[in-house]
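coordinates only, sequence not included:
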């Protein structure tokens, strides 16, 4: 008995899950979940402890890009007459 759930209740729940999802789909879900956990653990172990966090937004934009961005922003703003 686990937390007030008997073995028969677990068996019935397992049977319902197999009927709803099917054995092939459950196998695929289990495989995908296992590979995701494995990749997560590998990523945690390979991460260097002394590395600096990545800085967002520090990349410089070429000189022509700010003009294009300003044009896009001004084109997206509604004018007072439109509102």
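Arrived safely. These figures come from a predicted structure and were not determined experimentally.

please tell me how far residue 34 sits from residue 44.
16 Å (Cβ to Cβ, to the nearest Å). To be clear about C-beta, it is placed using only N, CA and C from the backbone, and glycine gets the same treatment.

repeat that for residue 18.
33 Å.

in the chain, which helix or strand is least confident?
Least confident element among the helices and strands of the chain, by mean pLDDT, DSSP states H and E: helix 64-76 (a mean of 55).

what helix or strand is the closest residue to residue 18 other than its chain neighbours on?
Using Cβ to Cβ, 6 or more residues apart in numbering and skipping residues adjacent in sequence, the residue nearest residue 18 is residue 26, 6.8 Å away. Here residue 26 sits within helix 23-46, counting by DSSP states H and E.

who does that helix touch, helix- and strand-wise?
Judged by 3 or more Cβ pairs under 8 Å, 6 or more residues apart in numbering; DSSP states H and E, the packing partners of helix 23-46 are helix 7-21.

for the helix it packs on, packing partners?
Helix 7-21 packs on helix 23-46, going by 3+ Cβ pairs under 8 Å, 6+ apart.

okay, the angle between the helix it packs on and helix 7-21?
100 degrees (axes from the mean of the first three to the mean of the last three Cα atoms, to 10 degrees).

hmm, who's touching helix 23-46?
Identification of contacts with helix 23-46 by Cβ atoms under 8 Å, 6 or more residues apart in numbering yields 17, 18, 21.

where does the protein have low pLDDT?
1-2, 47-83 (pLDDT under 70).

how far away is residue 9 from residue 15?
Counting by Cβ to Cβ, the gap from residue 9 to residue 15 is 11 Å.

with residue 43 instead?
Residue 43 is 36 Å from residue 15, by Cβ to Cβ.

got it, and residue 46?
Taking Cβ to Cβ, one finds residue 46 at 41 Å from residue 15.

cool, and residue 24?
16 Å.

same deal with residue 21?
12 Å.

more crowded one of these two?
residue 21 (13 against 10; other Cβ atoms under 10 Å).

which ones are touching that one?
residue 29.

please shift the residue numbers so they start at 2 in all later answers.
That works, and once the first residue is 2, the last one we named lands at residue 22.

no further questions, thank you.
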